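A.B. asks: here are the coordinates; sequence isn't available:
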């Protein structure tokens, strides 16, 4: 079973370390993840 939830708000909070990306919908449900999950290329380890 798959449930489709329409996202209403997506924003990045770069004032905190680590940076977080937030996803929210009109029903008030929201979830945050590290921004590394949506980066195009992984950063090289130093």
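C.D. replies: Received the coordinates, thanks. This is a predicted model, so every value here is computed, not measured.
A.B. asks: neighbours of the residue found closest to residue 38 once you drop the neighbours it is linked to in the chain, just the number please.
C.D. replies: Leaving aside its sequence neighbours, residue 38 sits nearest to residue 21 (CB to CB, 6 or more residues apart in numbering; 6.1 Å). C-betas here are computed from N, CA, C, even on glycine. Using other CB atoms under 10 Å, the number of residues around residue 21 comes to 17.
A.B. asks: pretty sure residue 21 is in a strand, no?
C.D. replies: Yes. With DSSP: H, G, I helix; E, B strand; the rest coil as the criterion, residue 21 is assigned to a strand.
A.B. asks: any idea how far it is from residue 7?
C.D. replies: 11 Å (CB to CB, to the nearest Å).
A.B. asks: re earlier: distance-wise, check the residue nearest to residue 38 relative to residue 1.
C.D. replies: The gap separating residue 21 from residue 1 is 26 Å, by CB to CB.
A.B. asks: doesn't residue 36 belong to a helix?
C.D. replies: Yes. Assigned with three-state DSSP, residue 36 falls within a helix.
A.B. asks: if anything else comes up later, I'll come back, but that's it for now.
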